[in-house]
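[1] the following block contains a protein sequence and its predicted model.
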Amino acid sequence: MGSEKDTLPNQSLRGFDHIDVIKTELENACPGVVSCADLLVLAARESVVLAGGPFYPVHTGRKDSDHSYPEISYELPSPLDDHSTTVTRFASRGFSQKETVTLLGAHSTGMIHCKFFERRLYKFGGTDQPDPSLDPEFAELLRSVCNNTQAESQSESSSPSPSASPAPSPSTKSDQERSMKMDYEGTGSGFGTLYYRGLLQGKGILFVDQQLLAGEETANWVRQYASDVSMFHRDFAQVMMKLSSIQVLTGQSGEVRTNCREVSSSLW
């Protein structure tokens, strides 16, 4: 069957190999009990904690789906969404504007590939100018990150060692390497602090993030979180608990997969 992982909105996702390792350990210790759905929710929580965010309790007992729904992945929020689209997408899943601002605070950590924000740096919105909501000095920093890594990729691939295997093409390697850390000032900058303060300074890397200032209510919450990171941590914990409880399968619904990459063979 087709997979959500193979669709365009999810092609930048990484870390599935780590999920496989964790699942193998779980099956060795406690076969057929902990679902991949629970594994992902718990791994997300631990990732938040490791990134300097809040610990929050999560319920367990989810079942994995025995079907795949690739088409629904196209309803995921996009890094290119404007304010109204973002608010509408989250509202369709029961999240308020405040909760939308809170959830996007997850962009405090991780890597974002240049292809998701490059158009803001040059000819934006049909003009010959960069996105006016982007701080000019920060835009220059982003341009240097993306252009430098691309240049390095082209240089390396054009001069391979005679004894080396063929180098990746410039486009392939640059796609992998041309990226910016969301916590570009380092993990010590605080989960949420840099993100919200950066938006107020015009330093949102993604258009969808910077657009939070385009609405009165969302902009108000950006300002509040920028000045009170403890409030953000509290709200983030609550909204992540809510997110992890949406449309879950329990009881007799679904299955517990032994391999997170496939449904049970007995269901085919």
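    In hand now; what should we look at? Numbering: from 1, shown residues only.

[2] neighbours around residue 136, how many?
    Neighbours of residue 136 under the rule other Cβ atoms under 10 Å: 10. (Each C-beta comes from the backbone N, C-alpha and C, glycine too.)

[3] who are the neighbours in contact with it?
    Contacts were defined as Cβ atoms under 8 Å, 6 or more residues apart in numbering; by that measure residue 136 touches residue 130.

[4] relative to residue 197, how far out is it?
    Residue 136 sits 18 Å away from residue 197, taking Cβ to Cβ, to the nearest Å as the criterion.

[5] now residue 181: phi and psi?
    Note on residue 181: backbone dihedrals following degrees, to the nearest 10 are phi -70, psi 130.

[6] can you pull the contacts of the nearest residue to it once chain neighbours are set aside?
    Leaving aside its chain neighbours, residue 181 sits nearest to residue 111 (6.0 Å; criterion: Cβ to Cβ, 6 or more residues apart in numbering). Residues in contact with residue 111, defined by Cβ under 8 Å, 6+ apart, are 179, 180, 181, 182.

[7] what residue ranges in this structure score low on pLDDT?
    Along the chain, segments meeting pLDDT under 70 span 148-177, 186-189, 265-268.

[8] can you list the domain ranges for it.
    Structural domains assigned to the chain are 4-110+182-267, 111-158+167-181, following automatic domain parsing.

[9] could you look up the SS state of the residue positioned nearest the centre of the chain?
    Computing the C-alpha centroid of the chain and ranking residues by Cα atoms, centre = their mean puts residue 107 first, at 6.5 Å. Secondary structure for residue 107, judged by DSSP: H, G, I helix; E, B strand; the rest coil, is helix.

[10] quick check: it vs residue 67, distance?
    Distance of residue 107 to residue 67, computed by Cβ to Cβ: 30 Å.

[11] also residue 130?
    In this structure, residue 130 lies at 43 Å from residue 67, with Cβ to Cβ as the measure.

[12] now do the strands in the chain.
    For the chain, the strands defined by DSSP state E occupy 111-113, 179-181.

[13] measure the nearest residue to residue 196 once chain neighbours are set aside to residue 203 for me?
    Closest residue to residue 196 apart from its sequence neighbours, by Cβ to Cβ, 6+ apart: residue 226 at 3.9 Å. Applying Cβ to Cβ, the value for residue 226 to residue 203 is 12 Å.

[14] then residue 77?
    To residue 203, residue 77 is 20 Å away according to Cβ to Cβ.

[15] just residue 262 next, same as before
    With distances taken as Cβ to Cβ, residue 262 is found 42 Å from residue 203.

[16] higher neighbour count, those two?
    Each of residue 262 and residue 203 has its neighbours counted (other Cβ under 10 Å); residue 203 has more, 20 against 12.

[17] coming back round to it: please identify the deepest-packed of the strands of the chain.
    Mean neighbour counts were compared across the strands of the chain using mean count of other Cβ atoms under 10 Å; the top stretch is strand 179-181, at a mean of 17.

[18] do a quick rundown of the helices in this structure.
    For the chain, the helices defined by DSSP state H occupy 16-29, 36-50, 83-91, 97-104, 136-158, 170-177, 193-200, 207-210, 216-227, 229-243.

[19] distance to residue 72 for these - can I get that in CSV?
    CSV is the format used below for the helices of the chain (distance: least, Cβ to Cβ, whole Å):
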stretch, distance to residue 72
helix 16-29, 19
helix 36-50, 15
helix 83-91, 12
helix 97-104, 18
helix 136-158, 31
helix 170-177, 25
helix 193-200, 27
helix 207-210, 19
helix 216-227, 25
helix 229-243, 16
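
[20] what's the closest of those to residue 124?
    Taking Cβ to Cβ as the criterion, helix 207-210 is the member of the helices of the chain that comes nearest to residue 124, at 8.7 Å.
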